[in-house]
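Asks: Next one to model:
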Amino acid sequence: MIGPAELTRLFAPLAGRRALLAVSGGPDSVALMRLAALWLEQGGADGGAQIFVATVDHGLRAESRAEAEAVGRWASALGLPHEILLWQGAKPQSRIQERARAARYALLRAHARSLGADYLLTAHHADDQAETILFRLLRGSGIAGLAGMQSETKQAAVMLYRPLLNISKKALVAYCEACAQPYIRDPSNENSAFARTRLRALLPLLEEAGLDAAGWARLGRRARRAEQALAAQAEQAGTKLEKIPVNDGFHIAAASLRHLPAEILLRVIAAEIAALGSGRPPRLERLESLAQDLYAALRTGAHWHRTLGGVGFSLRADGLLTLQREKPRRRGRESAAAKASDWPAGAAVL
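Replies: Residues are numbered from 1 along each chain as shown. Reported below is the predicted structural model:
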């Protein structure tokens, strides 16, 4: 499936580093573990790389402990050290997958730090990428969301690395079977009560219509390219703003915003909210509404005031736009009002 050159490319970022592999026991993560061990055998270890394996036992199924122990035996057979990480405490009754995911990553990051590992590897593959882009598309995401998962993402002090994003699940299953490598099937992946499972069932239908995993990946690459260009243009526009400091904010000349493309204005606003506001990114439609209203006010010169994300925007008759951090009491009320409409964890705003 993967030759020596491709193997070297997949694991090149780990040269001379310590890395932690998240291995649940499914065919994709077990394949990642075998490939990593093969890379070490073929010279990765000579460069000083060290790889550790961890399995999170969420305690949500009776058989989860035995499955985690099985992963430990497979890792040991490959010469890789293994730890079981326990999700302790009361388990949630709602949003189980979302909260389990958050707990899993928190445990893995903490364990990576304890090992001195600066890379955390997950086995997300091309089918996962297609599912993620479809999920975000249906949630109304913008360009950033449609770019899908990045191969490398900084999370706190650990770099999250997904080396298998261009490899299909079918290929990973075939690799395990060719190696006579056992793996575990998680029944929750077939549970239609979960939104992700229902979306996954759509992918074969879309593939029949011509939109396969390669097509989703192509969409992701093109969206990522557009996102990078837009982000760079917005950053450049933001640095050109002449800001006059005031208490908890600043004035800027409204004329400097009037000729910005709508998408760039929206991103400049989002950046200032992130810098001044509550730290919780507002939903895309709220940003769009504010940017649209600001555009209208800029054209007419009318006095205008709005708040979003803990920041007050005021356009004055003298042509100055004031952005100020809201007072704590008012910010608290807005936060409470907005809480129910925040993006789900992991969804992109822009």
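Asks: Can you identify each of the strands in the stretch 1-150 of the chain by residue range?
Replies: 18-22, 50-57, 82-86, 119-121 (DSSP state E, counting those that start in this stretch).
Asks: so which of those comes closest to G319?
Replies: strand 119-121 (49.5 Å; C-beta to C-beta). From N, CA and C alone the C-beta is placed, and that goes for glycine too.
Asks: With distance to L219 and mean neighbour count as new columns, can the strands of the stretch 1-150 of the chain be given to me in CSV?
Replies: Listed next are the strands of the stretch 1-150 of the chain as CSV, based on distance: least, C-beta to C-beta, whole Å; neighbours: other C-beta atoms under 10 Å:
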stretch, distance to L219, mean neighbour count
strand 18-22, 26, 23
strand 50-57, 31, 23
strand 82-86, 35, 17
strand 119-121, 25, 24
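Asks: so which of those strands comes closest to R185?
Replies: Of the strands of the stretch 1-150 of the chain, nearest to R185 by C-beta to C-beta is strand 50-57, at 15.3 Å.
Asks: Neighbouring strands of that closest one in the sheet, and parallel or not?
Replies: Here strand 50-57 has these sheet partners by DSSP bridges: strand 18-22 (parallel), strand 82-86 (parallel).
Asks: Report the rounded mean pLDDT for it.
Replies: Averaging pLDDT along strand 50-57 yields 97.
Asks: ok, for L137, nearest residue in space, not its chain neighbours?
Replies: Once flanking residues are discounted, L137 sits nearest to L146: 6.4 Å by C-beta to C-beta, 6 or more residues apart in numbering.
Asks: From V268, how far off is that neighbour?
Replies: Noted for L146: a distance of 21 Å to V268, by C-beta to C-beta, to the nearest Å.
Asks: Next: R185.
Replies: In terms of C-beta to C-beta, R185 sits 48 Å off from V268.
Asks: Looking at those two, which has the bigger crowd around it?
Replies: V268 (22 against 10; other C-beta atoms under 10 Å).
Asks: For the strands paired with strand 50-57, give me a markdown table that also has distance to A106 and mean pLDDT.
Replies: Output for these, formatted as a markdown table (distance: least, C-beta to C-beta, whole Å; pLDDT from 0 to 100):
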| stretch | distance to A106 | mean pLDDT |
| --- | --- | --- |
| strand 18-22 | 12 | 98 |
| strand 82-86 | 10 | 98 |
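Asks: how about those strands in JSON lines, adding distance to A213?
Replies: Below are the strands paired with strand 50-57 laid out as JSON lines (distance: least, C-beta to C-beta, whole Å):
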{"stretch": "strand 18-22", "distance to A213": "22"}
{"stretch": "strand 82-86", "distance to A213": "30"}
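Asks: Can you report phi and psi for the closest residue to G16 other than its chain neighbours?
Replies: Among residues not flanking G16 along the chain, G48 sits closest, at 4.4 Å (C-beta to C-beta, 6+ apart). Note on G48: its backbone torsions stand at phi 90, psi 10 [degrees, to the nearest 10].
Asks: dump the residue contacts of G48.
Replies: Neighbouring residues of G48 by C-beta atoms under 8 Å, 6 or more residues apart in numbering: 15-17.
Asks: Identify whichever of the strands of the stretch 1-150 of the chain lies nearest to R65.
Replies: For the strands of the stretch 1-150 of the chain, proximity to R65 was assessed by C-beta to C-beta; strand 50-57 is nearest, at 5.7 Å.
Asks: I'd assumed M149 was in contact with A223.
Replies: No - counting by C-beta atoms under 8 Å, A223 stays clear of M149, with 11.8 Å between them.
Asks: just to revisit the earlier point, tell me which of the strands of the stretch 1-150 of the chain lies nearest to L241.
Replies: Across those, closest to L241 is strand 119-121 (C-beta to C-beta), at 36.9 Å.
Asks: that older thread, what separation is there between the residue nearest to G16 and A19?
Replies: From G48 to A19 the distance is 12 Å (C-beta to C-beta).
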